[in-house]
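S.K.: turn this into a model:
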Amino acid sequence: MTILQGKPTATDPSPGRVPNARRPVPGARMPWGTVVVLSVLMAYADGFVVTSVQGAVGAIERTTSPFATWLRTSTLLLPVFFLAVLGAFALARRRLGPALHRPRTVLAAALLVIAAGSLVGTAEIAVSAAYDYHLQSAALQAGAAFHDHGHDHGAAHGAEACAFCADQAQTRAVDERAARYAGRVVLGANAVLVLLVVGLRGGRLDVVPRTRRAGS
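M.R.: Below you'll find the predicted structure:
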């Protein structure tokens, strides 16, 4: 009695060989370590810039304990930076592909990460400046009301009101100028940090293959 053996088809995998569908694609996985490192660096660097601006031109109520303020604010905003960096990586991988190791794709992905982090940092600066201006305006208004107390003449009241408006406008101009300057510093700091991480990773932003890691 003979047993007929079927011929192996072209779709059958060879012994000892992994099918193509199961082979890992280089760079297909999200580089979570790089995302976390970039998020932490930008969160605390941008938080340092915001805290420095507060100490220079911010409201007096917020200038106490600058180190604790920097640490608390940066830690609270760390998840926002993480989501921004993760979104930038997801967009870069969708548009450019998961293998972010060619110079052009690395530069484009790095610019997206810089833009995302700087957007969050600039928003943090704007919110902080607006809150400083609110506190400073309240202090100016309280001071004007105190100096105006006891005055019954309309001319004196009008002079106090004009002085208050001038001080308020000057305070607003200082806060806006400081916010614009801090925004440029944030952009530059984020660019330096991202490019530094890219350089330390050998000029790539994807997952380094294990064979290359073992060879190095």
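
S.K.: just for this structure, where's the confidence low?
M.R.: The model of the chain has pLDDT under 70 over residues 1-27, 143-164, 209-216.

S.K.: that one: helices as residue ranges?
M.R.: 32-57, 66-96, 103-148, 154-200, 210-215 (DSSP state H).

S.K.: what's the first one packed up against?
M.R.: Think helix 32-57. Identification of packing neighbours for helix 32-57 by 3 or more Cβ pairs under 8 Å, 6 or more residues apart in numbering; DSSP states H and E yields helix 66-96, helix 103-148, helix 154-200. Heads up, the C-betas are built off the backbone N, CA and C, glycines and all.

S.K.: one more: the fourth one?
M.R.: The contact analysis (3+ Cβ pairs under 8 Å, 6+ apart) places helix 154-200 against helix 32-57, helix 103-148.

S.K.: just say which of these is most tucked in.
M.R.: Across those, averaging neighbours per residue (mean count of other Cβ atoms under 10 Å) puts helix 32-57 on top, at a mean of 20.

S.K.: run the chain-centre distance for it.
M.R.: 7 Å (Cα atoms, centre = their mean, to the nearest Å).

S.K.: go on, stretch 82-96?
M.R.: Using Cα atoms, centre = their mean, the offset of stretch 82-96 from its chain centre is 13 Å.

S.K.: if you drop the residues flanking it in sequence, what lies closest to the residue nearest the centre of the chain?
M.R.: Taking Cα atoms, centre = their mean as the criterion, residue 117 is the residue nearest the geometric centre of the chain, at 2.5 Å. Excluding the flanking residues, the one nearest residue 117 by Cβ to Cβ, 6 or more residues apart in numbering is residue 42, at 4.1 Å.
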